[in-house]
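Q: Sharing a model prediction with you, sequence too.
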Amino acid sequence: MARTAYVTDLKSLQGECSANYLRLTRLLGELEAGEVREVALRGREARFGSLWLEVIERAPYTTVLRVSQSGVLDTVIEPMRMRVHLYHDVRMAEVIDFQRQRHFNGRYRYPNARMHQPDEKLQLNRFLGEWLEYGLAHGHAVDLPELR
């Protein structure tokens, strides 16, 4: 049986990036560079961590932010974190760094040295979307002064 090469699904990737832009702008509000927003996450019965949004840099057409999560397992496993680039002119948000790995290609041959999936970039942006959607549905913003 012949294997066909994975073809990047640009429509899905762009749709996910557009939806993530809208989710992030709802969560961020008017935060400026250096400001942080905590979104406390709740399950059915208890609080189990926080989603943190930190604006690293803001320019007229772009914003770079760090998205991370803190919780009860922080001492056992490394907390989730990613950097996201928002492009205001096209209203898209793209994951540019995940757990200190950068520069994701739109498509990978499989297998590869880092064992990325053929559609790794799409999967990371979908994960961000699910993470943000959960924050919007089950979280509430906690206004805090700048953390440092």
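A: Happy to help now that I have it.
Q: C-terminal to the helix or strand hosting Phe127, what's the next element?
A: Following DSSP states H and E, one finds Phe127 within helix 120-138. For helix 120-138, the following helix or strand on the C-terminal side (DSSP H and E) is strand 139-142.
Q: What are the buried residues along that following strand?
A: Within strand 139-142, the residues scored as buried using 16 or more other C-beta atoms under 10 Å are Gly139. The way it works is simple: take the backbone N, C-alpha and C, and place the C-beta from them, glycine included.
Q: Report all helices and strands that it contacts.
A: Using 3 or more C-beta pairs under 8 Å, 6 or more residues apart in numbering; DSSP states H and E, the elements in contact with strand 139-142 are strand 36-42, strand 47-58.
Q: Enumerate every residue touching the spatially most central residue of the chain.
A: Nearest to the mean C-alpha position of the chain, by C-alpha atoms, centre = their mean, lies Leu128 at 3.8 Å. With contacts defined as C-beta atoms under 8 Å, 6 or more residues apart in numbering, the neighbours of Leu128 are 20, 67, 82, 84, 93, 95.
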